[in-house]
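Undergrad: heads up, no residue letters with this:
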């Protein structure tokens, strides 16, 4: 029995409203680098289903990642003030060095043209930035002259080296190097936060943008002001990001006014505008942009929602939009038609295409809170619950929310299919049965709980409902339309309360995972379930999900300890594992078939695993 990773379906870049998000593309224009949580993802541009690397070396939230001009390394900076330089060519992602730069979050960093020096800037206490060598961390310059957080930095890629930084104190500072030394403050131009600065590829110019909606063009070698770029079509919101084309004659800007604009240096004016969404649509604000060095001139902009938009000069609309989750994924389901649904803690629900590895957001009025569960009730019908206290229905092969929903009496904890016509929903106070043949489902029976529930499972094969409580007991119920919900048995746990429950497809076995990482396996041949084994004790933290394969011979388990295990029922001591499968913990696991398992976790990624079971 073996378990190996097949692919990573990466999350979308993390964004913050009114704050720039820096993107980076490798020198060949093949991969884009961005951050999400404590991870850095390197994603193929032509085929976004291919994520070549997920770097998990940081212990704090990562804010920025930049490819070196050589393409061999990535430098990434986090909220603790550290930067890490690591190999992005080999699969091992060997860390070249870790250096503490400032006593606060790193906001941006830049490489010099020789891939030897790095300037990192941000929000420190003693200083707002520093310049070091990438391999030893030795100081090669001081970043001084500004009195507030530095949002952006750029280095001229040709000798003589120059650098510029942009700050919340409404100024830019121009540096000579190397080593980099303060040369001149550039004051009196911007009248609000300066959010972005970038040198042109040929080093002739650099441009600055800010929250005052202004754009200034400077000489790249001398640091003198050339002109303010003015146009009737100027941005109407803060300009958050700027990037140059490889011809050094044009650049693009991204703004909170939901637009991306293309500017010409020689004309000192606007060439083209792309507008996203309808007026006032906050998720469509553009917070990041990068003009790739590819021959086709691809521009990639980033929406506040995390969407990556592919743009070309002269094209009126994006040729492609890559969407997905930005937040930790909290719910997972694989339907009988192999459709993959995921839900995250911001209420977003996505449907994934296994062939392309890309996601689409389920349309319609969806959830507004943490999505906690899915269950397929019939072909192309899936019920979902979330912390907005709503039971919703997703219909159709393409997937869209039904216009109406059912409010639950309190926060839902779990949902499970009891029979083709009955759906069990567990809330913090009640166990409820719904008729799921109607859309939306209709409540038929409710049972008041006298304990605090923690997990739910149901088996259509044996007609049992299992509910776990914080009192270290699992109660087994049955339901009929005449007698309602009946308590038939109780399983007493000796170690910790159960946090995940699951029946095998034929109902012959029942598995429970507890808050300490222990998994118990039971047979259901009698109402008092008989324990088959309690030796599945290799997890070291809370069990968050348990999934059975279709044959009921093997169990996949997901845990907060980041590890993914597969156990065999007939040979309980045989298992295979993947450690650190998801940074921050695994929240869900499902079998696609006997050879494939999918998992989701707090890193926002969907991962597919190849499984080889014993013959």
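TA: Yes, it's here. No experiment lies behind these values; they were computed from the predicted model shown.

Undergrad: burial count for the residue lying closest to residue 56 once chain neighbours are set aside?
TA: Nearest non-adjacent residue to residue 56, counting by Cβ to Cβ, 6 or more residues apart in numbering: residue 583, 4.7 Å away. (C-beta placed from N, C-alpha, C; glycine too.) Around residue 583 there are 20 other residues, counting by other Cβ atoms under 10 Å.

Undergrad: Give me the below-cutoff pLDDT ranges for the chain.
TA: Scanning the chain for pLDDT under 70 picks out 615.

Undergrad: how is it carved up into domains?
TA: Domain assignment for the chain by automatic domain parsing gives 2-322, 329-612.

Undergrad: And the longest one, how far out from the chain middle?
TA: Just to be clear, that refers to domain 2-322. Offset of domain 2-322 from its chain centre (Cα atoms, centre = their mean, to the nearest Å): 20 Å.

Undergrad: What of the shortest one?
TA: Taking the mean of its C-alpha atoms, domain 329-612 sits 22 Å from the chain's own mean (Cα atoms, centre = their mean).

Undergrad: tell me which element the residue of the chain positioned farthest from its centre falls in.
TA: Distance from the C-alpha centroid of the chain peaks at residue 482, with 46.5 Å (Cα atoms, centre = their mean). Taking DSSP states H and E as the definition, one finds residue 482 inside no helix or strand.

Undergrad: Could you give the backbone dihedrals for residue 284?
TA: phi -90, psi 0 (degrees, to the nearest 10).

Undergrad: Contacts only, for it.
TA: 258, 276, 277, 278, 303, 304, 305 (Cβ atoms under 8 Å, 6 or more residues apart in numbering).

Undergrad: Could you check how far the fourth one is from residue 258?
TA: The spacing between residue 278 and residue 258, counted by Cβ to Cβ, to the nearest Å, is 9 Å.

Undergrad: out of the contacts of residue 284, which is most surrounded?
TA: residue 303 leads the contacts of residue 284 on contacts (other Cβ under 10 Å) with 27 neighbours.

Undergrad: From residue 19, how far off is that one?
TA: According to Cβ to Cβ, residue 303 and residue 19 sit 14 Å apart.

Undergrad: so what's residue 281 closest to, chain neighbours aside?
TA: residue 258 (6.3 Å).

Undergrad: what does residue 334 give?
TA: Leaving aside its sequence neighbours, residue 334 sits nearest to residue 590 (Cβ to Cβ, 6+ apart; 4.4 Å).

Undergrad: so residue 604 sits right up against residue 343, yeah?
TA: No - counting by Cβ atoms under 8 Å, residue 604 does not reach residue 343; the two are 11.8 Å apart.

Undergrad: Can you check which residues contact both of those two?
TA: residue 329.

Undergrad: May I see the buried residues of stretch 38-45?
TA: For stretch 38-45, the buried set under the neighbour-count rule, 16 or more other Cβ atoms under 10 Å, comprises 38, 39, 40, 41, 42, 43, 45.

Undergrad: What residues of the helix or strand residue 83 falls within count as buried?
TA: Following DSSP H and E, one finds residue 83 within strand 82-87. Within strand 82-87, the residues that qualify as buried are 82, 83, 84, 85, 86, 87, counting by 16+ other Cβ under 10 Å.

Undergrad: Columns distance to residue 141 on top of the residues you listed, output as CSV?
TA: Formatted as CSV, the buried residues of strand 82-87 follow (distance: Cβ to Cβ, whole Å):
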residue, distance to residue 141
82, 19
83, 15
84, 20
85, 17
86, 23
87, 25
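
Undergrad: biggest separation within these, which pair?
TA: Taking Cβ to Cβ as the measure, these span a maximum distance of 17.5 Å, between 82 and 87.

Undergrad: Would you state the strands of the stretch 451-600 of the chain in chain order?
TA: Applying DSSP state E, counting those that start in this stretch to the stretch 451-600 of the chain gives strands spanning 453-459, 464-469, 473-480, 484-492, 498-503, 509-514, 519-523, 530-536, 543-548, 554-559, 564-568, 575-578, 586-593, 596-601.
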